[in-house]
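> Sharing a model prediction with you, sequence too.
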Amino acid sequence: MLALGVLHGLDKTHLELAANLTTTCYEMYRRAATGLTADIVSMNIDLHVGTDIFIQVISAAGNS
């Protein structure tokens, strides 16, 4: 929707945001052991930590 908005007059920065969101979605699937994205994913904004996406695994019983 962001990329489509650029075609209809939104600022070009929306296209960069759309590309970044697409990359993030892809990485969540790629990094998961099952190839499926998790229900709970945390984003790290600390540049001193090497991992930027944390996938939280919770068992069927609801315990982590």
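Thanks, I have it.

> which residues sit against the lengthiest helix in the chain?
In the chain, assigned by DSSP state H, the helix with the most residues is helix 13-31. Residues from elsewhere that reach helix 13-31, judged by CB atoms under 8 Å, 6 or more residues apart in numbering: 2-3, 5-6, 35-38, 41, 43, 53, 55. Where you see a C-beta, it was placed from the backbone N, CA and C, and this is true even at glycine.

> what's the answer for stretch 41-54, then?
24, 27-28, 31, 55-56.

> Low-confidence bits of this protein, can you list those?
Within the chain, the stretches with pLDDT under 70 are 57-64.

> Would you list the buried entries among the contacts of stretch 41-54?
Buried by 16 or more other CB atoms under 10 Å: 28, 31, out of the contacts of stretch 41-54.

> Rebuild the contacts of stretch 41-54 as JSON lines, extending it with distance to Lys12.
Below are those laid out as JSON lines (distance: CB to CB, whole Å):
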{"residue": "Thr24", "distance to Lys12": "20"}
{"residue": "Glu27", "distance to Lys12": "24"}
{"residue": "Met28", "distance to Lys12": "26"}
{"residue": "Arg31", "distance to Lys12": "29"}
{"residue": "Ile55", "distance to Lys12": "32"}
{"residue": "Gln56", "distance to Lys12": "35"}
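
> So Gln56 is in contact with Thr37, correct?
No. The criterion here is CB atoms under 8 Å, and Gln56 misses it with Thr37 at 11.4 Å.

> Assign Leu4 to helix, strand or coil.
Look at Leu4: counting by DSSP: H, G, I helix; E, B strand; the rest coil, its state is helix.

> check contacts around it.
Listed by CB under 8 Å, 6+ apart, Leu4 has no contact partners.

> how close does it get to Ser42?
Taken as CB to CB, to the nearest Å, the spacing of Leu4 relative to Ser42 amounts to 29 Å.
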